[in-house]
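# how does the following fold in three dimensions:
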Amino acid sequence: MSKRIHSIDSLRTIAIFFVIIAHASPFKGVGTYGDHIFFILDTIGQFDVPFFFVASGYFFAKKVNQNNVLNYITNVVRKLGSLYLFGILCSLVVVASIELITNHQFINAVVQKLVENNSLLKMVYYGGSISWHLWFLTALIFCLIFVSIFVICGKERYVLPVAAIAHAFGILSQNYPMIFDVSYPTRDALFFGFFYVALGFHIRSSDWKPNKDRSRLYLGAFCVIMVIQLLEQYAIAYLIRGVPFDQIYFTEYTIATTLLVSALFIYALSNPDLGKGTILPDLGEYAVGVFILHLPLYRVIEALNDIVSTQFGINPRSTILWHLAIVPLLYVLSLAIYLLMAKLRIIELGGSHIPWLSYIRTRFQTADTDKGVTAD
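Numbering: from 1, shown residues only. Predicted structure coming up:
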């Protein structure tokens, strides 16, 4: 049995907190200083989603070869597909619930959500048509498929260079329009996630292991690159694009992000026992559940805030308590609901998140078999 890498699970927990920060926007709108605090937190946390991609590529490389890659990727796609469908259903339930409380038109709201600005490309590839944060799941599916093609062809050594070229185009087109300016989104599987999955895959398949004695050096490199990331974000927003200093401009990823994530993941591998003996590694195993549930829950909380503001003239969102508590509150609620769903067998931890569909399919198959036997 392979030794558990506690550091990766621990950093998954930390990364999820930064994902929630990005979506809940604490301190944003609390004056200029509040906006800048959020800008710094959001910029520092841009390692979050790429870290999940790298970890996925790393563990993918541990388990696949030319002989088993087709069966393995089929199972992975099935599992990630169940997570994606679970996320869609959760988002639709929230949309229906909010509309039922506020306008009593929940059926129309769900139908509109399903059809508005929707297409097969948005639903299957970009993944954000129902709830935009679910793009990560479809992107991960396609990224692993891309890597699998290289494995099947026996060309694993080319996967990182090809992915790096695609990612370089994505970075330049998003942040430096004077070089490349395209009309389609580049925060997707090909131009964004592919590189990070390929990076994790390459680190593992090359059988390179960082020196434990250099662990502090890797951590120091991460801290230095974090400063560089802040400077690059500042340059992109306020120097290149000319955004006023009292406004916030968001970039999805930058050149420094690639170095930041690489340094952090190498540090995690050099210090595999990081977080051991704490709750962090165990919480990291539930990171995907928290990821899926936190945004629908945030929409519920925002809807309740609007009701309180309308009925009582009090806006909780305008208080410091809201900005201090919203991120840990979302994390705790998401985790609690996720574990409750598992206890009620609505989902299977580590398995299918739509097990009831398998049950229905089995029942139909059994019924068809029984009919066949009866006919005989």
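# how many other residues sit next to Ala189?
By other CB atoms under 10 Å, the residues close to Ala189 number 24. Where C-beta positions appear, they are placed from N, C-alpha and C, glycine not excepted.
# brain fart, Leu172
That count, for Leu172 with other CB under 10 Å as the rule, works out to 17.
# could you pull up phi and psi at it?
Main-chain torsions, Leu172, degrees, to the nearest 10: phi -70, psi -40.
# show the pLDDT at it.
We have a pLDDT of 89 for Leu172.
# isn't it right next to Ile179, touching?
Yes: the pair Leu172 / Ile179 is scored as a contact, 4.8 Å apart, by CB atoms under 8 Å.
# so how far is the first residue of stretch 121-130 from its last?
13 Å (CA to CA, to the nearest Å).
# residues touching that stretch, excluding its own?
With CB atoms under 8 Å, 6 or more residues apart in numbering as the test, stretch 121-130 has contacts from 84, 87-88, 91-92, 113-114, 117-119, 134-139, 142, 185, 188-189.
# let's go with 7 Å and repeat that
84, 88, 91-92, 113, 118, 134-135, 137-139, 142, 185, 188 (CB atoms under 7 Å, 6 or more residues apart in numbering).
# could you list the buried residues of that stretch?
Buried positions in stretch 121-130, judged by neighbour count with 16 or more other CB atoms under 10 Å: Met123, Tyr125, Tyr126, Gly127, Gly128, Ser129, Ile130.
# and if you look at stretch 274-288?
Neighbour-count burial for stretch 274-288 [16+ other CB under 10 Å]: Leu274, Gly275, Leu280, Pro281, Leu283, Gly284, Tyr286, Ala287, Val288.
# out of these, which comes closest to Leu70?
Using CB to CB, Val288 is the member of the buried residues of stretch 274-288 that lies nearest Leu70, at 23.9 Å.
# sec struct for that closest one, please.
Using DSSP: H, G, I helix; E, B strand; the rest coil, the structure places Val288 in helix.
# now do the same for the residue nearest to Ser129 when sequence neighbours are not counted: its pLDDT.
Leaving aside its sequence neighbours, Ser129 sits nearest to Lys122 (CB to CB, 6 or more residues apart in numbering; 4.1 Å). The model reports Lys122 with a pLDDT of 86.
# from Ile152, how far off is Asn68?
Separation of Asn68 from Ile152 (CB to CB, to the nearest Å) stands at 11 Å.
# which of those two has more neighbours?
Neighbours per residue (other CB under 10 Å) separate Asn68 from Ile152, with Ile152 holding more: 14 against 11.
# the more buried one and Val69 touch, don't they?
Yes: contact criterion CB atoms under 7 Å: Ile152 and Val69 qualify, at 5.9 Å.
# if we can go back for a sec, as CSV, the contacts of stretch 121-130 with distance to Trp208 would be great.
Output for the contacts of stretch 121-130, formatted as CSV (distance: CB to CB, whole Å):
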residue, distance to Trp208
Tyr84, 32
Ile88, 38
Ser91, 40
Leu92, 44
Lys113, 46
Asn118, 43
Leu134, 33
Trp135, 30
Leu137, 29
Thr138, 30
Ala139, 26
Phe142, 26
Pro185, 33
Asp188, 28
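# pLDDT check: weakest of those?
Among the contacts of stretch 121-130, Lys113 has the lowest pLDDT, at 64.
# quick one: list the elements packing against the helix or strand where Thr258 lies.
Here Thr258 sits within helix 255-270, counting by DSSP states H and E. Under the contact criterion of 3 or more CB pairs under 7 Å, 6 or more residues apart in numbering; DSSP states H and E, helix 255-270 touches helix 6-24, helix 48-63, helix 215-234.
# mean confidence for that helix?
96.
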